[in-house]
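*Asks:* sequence below, structure please.
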Amino acid sequence: MAEIRVLIHGVAGRMGQETLKAICEAEDTQPVGGVDIVAPDNRMQLHDGSGSIPLSSDLSSLVLQTKPHVVVDFSNADATVSAAHTTIKAGVCFVTGTSGLTDDAVRLMDERAREKSVGVVVAPNFALGAIVLQSLVQKAAPFFDYIDIIESHHEGKIDAPSGTSIAIAQAAADGREFVYNEPERHNIEGTMGARVDGVGIHSLRQPGRSAHHEVVFGAQGQTLTLRHDTLGRDCYMPGVLRAIREVVNIKGLVLGLDKILGI
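*Replies:* Numbering: from 1, shown residues only. Here you go, the predicted model:
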């Protein structure tokens, strides 16, 4: 395959715009269309000044019109599920970074992708540093009894906790239960945060933040802290491009960029 033809679902959003820019700049990818619920015009100008692409609120018709190899999605959980089914039905590969997808939704995507022999990548996080963090957490987890995750994002993020923090917690637990102390009295309910397999997760949503994940391990007489910060949305683009390049060679669903990277 020469250039990979890419359509972006959720193109008007911040991640959609960053993805469109990255696809324009990469030598082996070509943007062919954009879909967004807010689509006032029927064309969108490209960042590099090379022209424009069709813009629509109707994914199904634009897929037929532009014939992409891959649809990349950055929307919300409900829109992602619908977009995935439309894309897979058309025999087109699908990549999404949307969090909040249910296990049933992911399983159904996998079943339909296998039926149509197309690839799907569902990645809670495309930042390479976050993937490395998860790998380090897995290595450290067997040596500690306590673990808490503190995650923060911008005030506009619609879900909590983040998909990345849930993935980190599940990777750390890997079938075991960590110790989680319950105080004798809760002065305010919810102070101790949420729990996944004994892993405490604490979420912050504040202006001025992009994405931050801090993992704190505890054992007798010591703690270990691992932390990853994203400083801008451009940090996700190498991972997004890697997923686009790999998904065209996949049949079925791959959950997590770590599987693509072999970490």
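
*Asks:* the lowest-mean-pLDDT helix or strand in the chain: what's the following helix or strand?
*Replies:* The helix or strand of the chain with the poorest confidence is strand 43-45; it has a mean of 83 (mean pLDDT, DSSP states H and E). Proceeding N to C from strand 43-45, the next assigned helix or strand is strand 52-56, under DSSP states H and E.

*Asks:* how distant is whichever helix or strand comes after that next one from the center of its chain?
*Replies:* Downstream of strand 52-56, the next assigned helix or strand under DSSP H and E is helix 59-66. The chain centre lies 24 Å from the centre of helix 59-66; the measure is CA atoms, centre = their mean, to the nearest Å.

*Asks:* hey, C-alpha coordinates of the next helix or strand after helix 59-66 in PDB?
*Replies:* The helix or strand immediately downstream of helix 59-66 is strand 70-73, counting by DSSP H and E. Taking Å, rounded to 0.1, in the frame of the first residue of the first chain, the C-alpha atoms of strand 70-73 are listed here in PDB:
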ATOM      1  CA  VAL A  70      -8.800   3.600   7.900                       C
ATOM      2  CA  VAL A  71     -11.200   5.700  10.000                       C
ATOM      3  CA  VAL A  72      -9.700   7.300  13.100                       C
ATOM      4  CA  ASP A  73     -12.100   8.200  15.800                       C
END
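
*Asks:* show me the strands in the stretch 51-200 of the chain, by range?
*Replies:* 52-56, 70-73, 93-96, 119-122, 146-153, 194-196, 199-205 (DSSP state E, counting those that start in this stretch).

*Asks:* by mean pLDDT, show me the worst of those strands.
*Replies:* The weakest mean pLDDT among the strands of the stretch 51-200 of the chain belongs to strand 194-196, with a mean of 86.

*Asks:* partners of it, with directions?
*Replies:* strand 199-205 (antiparallel) (DSSP bridges).

*Asks:* now do the partner strand against strand 146-153, angle only.
*Replies:* Counting by axes from the mean of the first three to the mean of the last three CA atoms, to 10 degrees, strand 199-205 points 20 degrees away from the direction of strand 146-153.

*Asks:* would you mark the buried spots in strand 199-205?
*Replies:* For strand 199-205, the neighbour count (16 or more other CB atoms under 10 Å) marks Val199, Gly200, Ile201, His202, Ser203 as buried. C-beta here means a position set from N, CA and C on the backbone, and glycine is covered the same way.

*Asks:* reformat those residues as a markdown table; add distance to Gln30.
*Replies:* A markdown table is the format used below for the buried residues of strand 199-205 (distance: CB to CB, whole Å):
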| residue | distance to Gln30 |
| --- | --- |
| Val199 | 42 |
| Gly200 | 45 |
| Ile201 | 39 |
| His202 | 42 |
| Ser203 | 38 |
